[in-house]
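K.L.:
Pasting a predicted model and its sequence here:
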Amino acid sequence: MQPHAPNRRSRLARAAALAGALTILLTGCVSNASQDSLKAKGSVARSLDSLFVPVFWIAVGVFCLVAGLVSFCIVRFRRRSDDDAPKQIHGHTRLELTWTILPALLLAGIAIPTVKLVFDVNSYPKNAPVVNVTGHRWWWQFDYPNTAVHTANELHIPAGQKVLLVLTSDDVIHNFWVPELAGKVYAIPGRHNKLLVEADKPGTYYGQCAEYCGTSHANMRIRLIADSPADYQAWLTSQQVGPPTPSAADSTAGLTLFQQKGCAGCHTIQGISAGVVGPDLTHFKSRSVFAGSIFDNNDNNLRAWLRNPPAEKPGSVMPNLNLTQDDINKLVAYLDTLK
Ligand code: CUA
């Protein structure tokens with residue numbers, strides 16, 4: 001080995017580490033981040049943000065004070081000769097009182113607004129609309145109580161109104177998080193945790209399962225669509241109507257395949273099937289994404305999905321049904337009618 005090799009290697013490693021750290025730091029500068037909890041777009045997220053800001057500046061103040069004092073002491077009290085010892089301050093009552101009382105006051109200053117906010121975000125308005133949310137590996141189910149509306153991946157809420165989400169899970173622990181609208185709350189099997197969300201304006205807000213839940217944890221995304229109150233009512237009404245009976249030859253054949261190939265055992269389509277393993281497909285085509293919100297809902301992506309679901313989303317519960325291209329085309333033709 002050449003004498004300089006280890007040196008060069010360690011220099012390279014240091015440069016790589018620095019480049020990596022800088023890259024991570026610079027990702028904080030993107031302006032179009034759609035999952036940024038510092039850009040609150042609703043009252044609930046804003047109240048969390050309003051707590052973060054003062055706590056952050058208190059922390060900055062503490063950091064500057066501590067780092068400043070340490071730097072000052074390093075320079076001012078550095079050892080100047082071998083027998084140079086600093087003046088001992090053990091038992092200095094005034095100093096010890098200061099560094100006990102000051103942090104206690106700081107912590108109290110942070111604790112009071114924090115505890116108040118915990119109670120605020122956990123007080124739910126009585127008339128808030130409710131949506132039941134169930135986490136599955138790896139997609140989200142949304143049920144609207146007192147209606148026949150059951151959907152997946154895309155959550156519709158009315159804008160400008162607090163909506164109460166009641167979260168649970170069908171398998172492992174998941175975590176529901178739409179950073180621009182609210183904090184994150186666990187979806188736990190056998191429990192019903194509550195989360196208030198509100199969007200100021202109509203729009204699409206993005207989220208993500210925030211608790212590692214297996215192979216496709218990263219593929220368990222959320223699309224929250226806030227509609228104007230009129231659009232929301234129209235959406236809710238349209239979702240309660242059953243699917244149309246397919247009329248074209250290929251979509252009719254697709255419906256038959258849906259019942260023969262086992263799809264019906266796992267998926268509900270109102271009036272057709274009652275499976276509860278996978279998402280309710282009654283209005284599948286009214287959704288813009290599928291499979292944990294990772295694919296745009298178009299024929300090409302659907303064909304790829306039906307060909308081999310676990311290859312498209314690792315660990316997918318939906319198996320490869322070994323469908324022929326002809327079967328796939330017919331099934332897609334049928335799915336396209338489920339508007
Ligand atoms: Cu569900 Cu991570």
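P.N.:
Thanks, I have it. Residues are numbered from 1 along each chain as shown.

K.L.:
For the longest helix anywhere in the chain, the averaged confidence score.
P.N.:
Looking across the chain with DSSP state H, the single longest helix is helix 43-76. The average pLDDT within helix 43-76 is 92.

K.L.:
And that helix, what's buried?
P.N.:
The neighbour-count check on helix 43-76 (16 or more other C-beta atoms under 10 Å) flags Ser43, Val44, Ala45, Ser47, Leu48, Leu51 as buried. Glycine gets a C-beta too; all of them are placed from N, C-alpha and C.

K.L.:
mind checking how far that helix is from the chain centre?
P.N.:
27 Å (C-alpha atoms, centre = their mean, to the nearest Å).

K.L.:
What segments of this structure are strands?
P.N.:
Taking DSSP state E as the criterion, the chain contains strands spanning 130-136, 139-144, 149-152, 154-158, 163-169, 174-177, 185-187, 193-197, 203-209, 221-227, 268-269, 273-274, 289-290, 295-296.

K.L.:
Need the winner for burial among those strands.
P.N.:
Highest mean neighbour count among the strands of the chain (mean count of other C-beta atoms under 10 Å): strand 174-177, with a mean of 25.

K.L.:
near the ligand at all, it?
P.N.:
Yes. Residues of strand 174-177 contacting the ligand under C-beta under 6 Å from any ligand atom: His174.

K.L.:
So what pairs up with the residue positioned nearest the centre of the chain in the strands?
P.N.:
Nearest to the geometric centre of the chain sits Gln208, at 2.3 Å (C-alpha atoms, centre = their mean). The bridge-partner assignment for Gln208, based on DSSP bridges, gives Trp177, Arg221.

K.L.:
Roughly how far does it sit from Leu236?
P.N.:
Between Gln208 and Leu236 the computed distance is 25 Å (C-beta to C-beta, to the nearest Å).

K.L.:
What parts of the stretch 101-250 of the chain come near the ligand?
P.N.:
Within reach of the ligand by C-beta under 6 Å from any ligand atom, the stretch 101-250 of the chain has these residues: Gly135, Trp138, His174, Cys209, Glu211, Tyr212, Cys213, His217, Met220.

K.L.:
With pLDDT and distance to Phe119 added, can I get those residues in CSV?
P.N.:
Shown next, in CSV, are these (pLDDT from 0 to 100; distance: C-beta to C-beta, whole Å):
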residue, pLDDT, distance to Phe119
Gly135, 97, 26
Trp138, 93, 33
His174, 98, 25
Cys209, 97, 27
Glu211, 97, 24
Tyr212, 97, 30
Cys213, 96, 29
His217, 96, 31
Met220, 96, 30
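
K.L.:
Could I get these in CSV, plus columns for distance to Pro158?
P.N.:
Putting those into CSV (distance: C-beta to C-beta, whole Å) gives the following:
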residue, distance to Pro158
Gly135, 23
Trp138, 27
His174, 24
Cys209, 24
Glu211, 28
Tyr212, 32
Cys213, 29
His217, 30
Met220, 25
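
K.L.:
Closest to Gly61 out of those?
P.N.:
Glu211 (32.9 Å; C-beta to C-beta).

K.L.:
right, and the closest one touches Tyr186 too?
P.N.:
Yes. Using C-beta atoms under 8 Å, Glu211 is in contact with Tyr186, at 6.6 Å.

K.L.:
which neighbours do these two share?
P.N.:
Residues touching both Glu211 and Tyr186 (C-beta atoms under 8 Å, 6 or more residues apart in numbering): Ile173, His174, Asn175.

K.L.:
So which of these is the closest to Thr337?
P.N.:
Each of these was checked against Thr337 using C-beta to C-beta; the closest is His174, at 31.4 Å.

K.L.:
for the nearest residue in space to the closest one that is not next to it in sequence, what are its contacts?
P.N.:
Residue nearest to His174 in three dimensions, not counting chain neighbours: Gly135, with 3.2 Å by C-beta to C-beta, 6 or more residues apart in numbering. By C-beta under 8 Å, 6+ apart, the contact list for Gly135 reads Gln141, Leu167, Thr168, Ser169, Asp170, Asp171, His174, Phe176, Ala187, Cys209, Cys213, Met220.

K.L.:
go with 10 Å
P.N.:
Gly135 makes contact with 141, 167-176, 186-189, 209, 211, 213, 220, according to C-beta atoms under 10 Å, 6 or more residues apart in numbering.

K.L.:
Return the set of residues that bridge with it.
P.N.:
Trp140, Ser169.
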